[in-house]
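Participant: following is a predicted model, sequence given first.
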Amino acid sequence: MKTDKIYLVGFMGAGKSSVARALGKRLDWKVEDIDTRIEQSERRDIPAIFREKGEPYFRARERETLVGLLAERGAVVASGGGTFADASNRELMLRDGAVVWLDAPLQTVLQRVPQDGRRPLAADRLGMEQLYNQRLAAYRQAHLRVDAGRGSVEELVDLIMEWLDT
Ligand code: S3P
């Protein structure tokens, strides 16, 4: 797979940000994190954005941030759990680079994602389960699926590196 841009997608708690950092280091590429960029430009954290401006506002910033990153090459981009669930974002991402789905089982993400208010859409477990099931069809459209339910971050990076070499 020849590419100069990788998008990591998948549900909350799949490990997108940690894998992005480790993969970026391995490839010696820059690492971009869509959520972090939004928080920096908005000068407040995601719970505050959801609370004060609402989810549609957040989604618009998410889209803008994605578009703003299109020019970047030699980059690993950690998306938010909902970024690739949007059809027009999905189209952009699939055209712009290699999209890797970190597929973690529901039980794993439920265990990993704390209910500390840092993720507004993780407020209740039933809601999370519904969202998880709704998004599977979108995530399946990624170019590569890796099992993110087991294995260390470095092992996941190994798998992605092997695929990039092929
Ligand atoms: C969201 C996931 C979060 C963040 C926001 C919305 C989602 O990112 O973008 O809270 O819709 O699943 P992580 O997947 O990095 O937690």
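Facilitator: Everything's here; your move. Numbers count the residues shown, from 1 in each chain.
Participant: is the strand or helix carrying residue 63 positioned near the ligand?
Facilitator: Assigned by DSSP states H and E, residue 63 belongs to helix 55-68. No - for helix 55-68 and the ligand, the contact criterion (CB under 6 Å from any ligand atom) is not met; the two come no nearer than 6.8 Å. Quick note: C-beta positions are derived from backbone N, CA and C, even for glycine.
Participant: which strands or helices does that helix pack on?
Facilitator: If you count contacts as 3 or more CB pairs under 8 Å, 6 or more residues apart in numbering; DSSP states H and E, helix 55-68 packs onto helix 34-42, helix 46-53, helix 87-96.
Participant: apply 6 Å and report the result again.
Facilitator: Helices and strands touching helix 55-68, by 3 or more CB pairs under 6 Å, 6 or more residues apart in numbering; DSSP states H and E, are helix 34-42.
Participant: enumerate the residues of the chain near the ligand.
Facilitator: Going by CB under 6 Å from any ligand atom, the residues of the chain near the ligand are 12, 16, 35, 46, 80, 81, 82, 119, 120, 121.
Participant: mind listing what's buried along stretch 118-136?
Facilitator: By 16 or more other CB atoms under 10 Å, the buried positions in stretch 118-136 come out as 119, 121, 122, 128, 131, 132, 135.
Participant: ends of stretch 1-14, what's the gap?
Facilitator: End-to-end distance for stretch 1-14, by CA to CA, to the nearest Å: 23 Å.
Participant: equivalent analysis for stretch 99-112, please.
Facilitator: 23 Å.
Participant: can you give me the buried ones in that stretch?
Facilitator: In stretch 99-112, counting by 16+ other CB under 10 Å, buried: 99, 100, 101, 102, 103, 104, 106, 108, 109, 110.
Participant: show me those that map onto strands.
Facilitator: Among the buried residues of stretch 99-112, the ones falling in strands (DSSP state E) are 99, 100, 101, 102, 103.
Participant: which of these sits closest to the ligand?
Facilitator: Relative to the ligand, the closest of these is residue 102; by CB to the nearest ligand atom it sits at 9.8 Å.
Participant: ok, that closest one - contacts?
Facilitator: 10, 14, 15, 16, 148 (CB atoms under 6 Å, 6 or more residues apart in numbering).
Participant: now do 8 Å
Facilitator: 8, 9, 10, 14, 15, 16, 19, 146, 148, 156 (CB atoms under 8 Å, 6 or more residues apart in numbering).
Participant: could you do residue 138 as well?
Facilitator: Residue 138 touches 84, 85, 87, 90, counting by CB under 8 Å, 6+ apart.
Participant: what about stretch 145-165, average pLDDT?
Facilitator: Stretch 145-165 shows a mean pLDDT of 96 in the predicted model.
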